[in-house]
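Asks: Okay, structure incoming, though there's no sequence with it:
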């Protein structure tokens, strides 16, 4: 089931399987409740979430602003101060596919919120010429992206992951 379709050249991932297309951008969702947990540090990394930190760290925040970023390819486009720490990866290449980790650092030992996401970068989908086929492909369907599997502490309501 597709929950959210691509919007322009940026897709929002929101289901059990994540797919992105060469040359596009994809946004991997990660939200937490600032009202419940307060503004808190977080990071995104390549690979599944390790015991501590984010492994191969891509970007991190202090709960208010981005404090480091490994490349201009990665950005947090949401409102960090309101708990939207979704990661946008621009200009997808095949090697961008794989596991990503979002870790929100809640207080207390072994209390962090973790989301592991795996996605595949596919070749660009082209729409067939309607004059040569009886099938029609809608742009919304051709660019759909479904989201990831949430692992670890998750409390979902209104797109909150934690």
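Replies: Sure, I can see it. Since we're looking at a predicted model, the values are computed, not measured. Numbers count the residues shown, from 1 in each chain.
Asks: list the buried ones in stretch 38-46?
Replies: If you call a residue buried by 16 or more other CB atoms under 10 Å, then stretch 38-46 has these buried ones: 40-45. Using the backbone N, CA and C atoms, a C-beta is placed for each residue, glycine as well.
Asks: Cross those residues against strands and list the overlap.
Replies: 42-45 (DSSP state E).
Asks: wait, isn't residue 120 in contact with residue 96?
Replies: No. Counting by CB atoms under 8 Å, residue 120 does not reach residue 96; the two are 9.8 Å apart.
Asks: When those two are compared, which one has more neighbours?
Replies: Set side by side, residue 120 and residue 96 show more neighbours around residue 96, with 19 against 13, by other CB atoms under 10 Å.
Asks: So the more buried one sits against residue 89, correct?
Replies: Yes. At 5.8 Å, residue 96 counts as touching residue 89 under the criterion of CB under 8 Å.
Asks: between the two, what contacts are shared?
Replies: Common neighbours of residue 96 and residue 89, using CB atoms under 8 Å, 6 or more residues apart in numbering, are residue 20.
Asks: that older thread, out of the buried residues of stretch 38-46, which comes closest to residue 77?
Replies: Using CB to CB, residue 44 is the member of the buried residues of stretch 38-46 that lies nearest residue 77, at 12.6 Å.
Asks: would you turn the buried residues of stretch 38-46 into CSV with pLDDT?
Replies: Output for the buried residues of stretch 38-46, formatted as CSV (pLDDT from 0 to 100):
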residue, pLDDT
40, 95
41, 95
42, 96
43, 96
44, 97
45, 96
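Asks: Need these in a markdown table (columns: distance to residue 27).
Replies: Shown next, in a markdown table, are the buried residues of stretch 38-46 (distance: CB to CB, whole Å):
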| residue | distance to residue 27 |
| --- | --- |
| 40 | 21 |
| 41 | 21 |
| 42 | 15 |
| 43 | 17 |
| 44 | 12 |
| 45 | 17 |
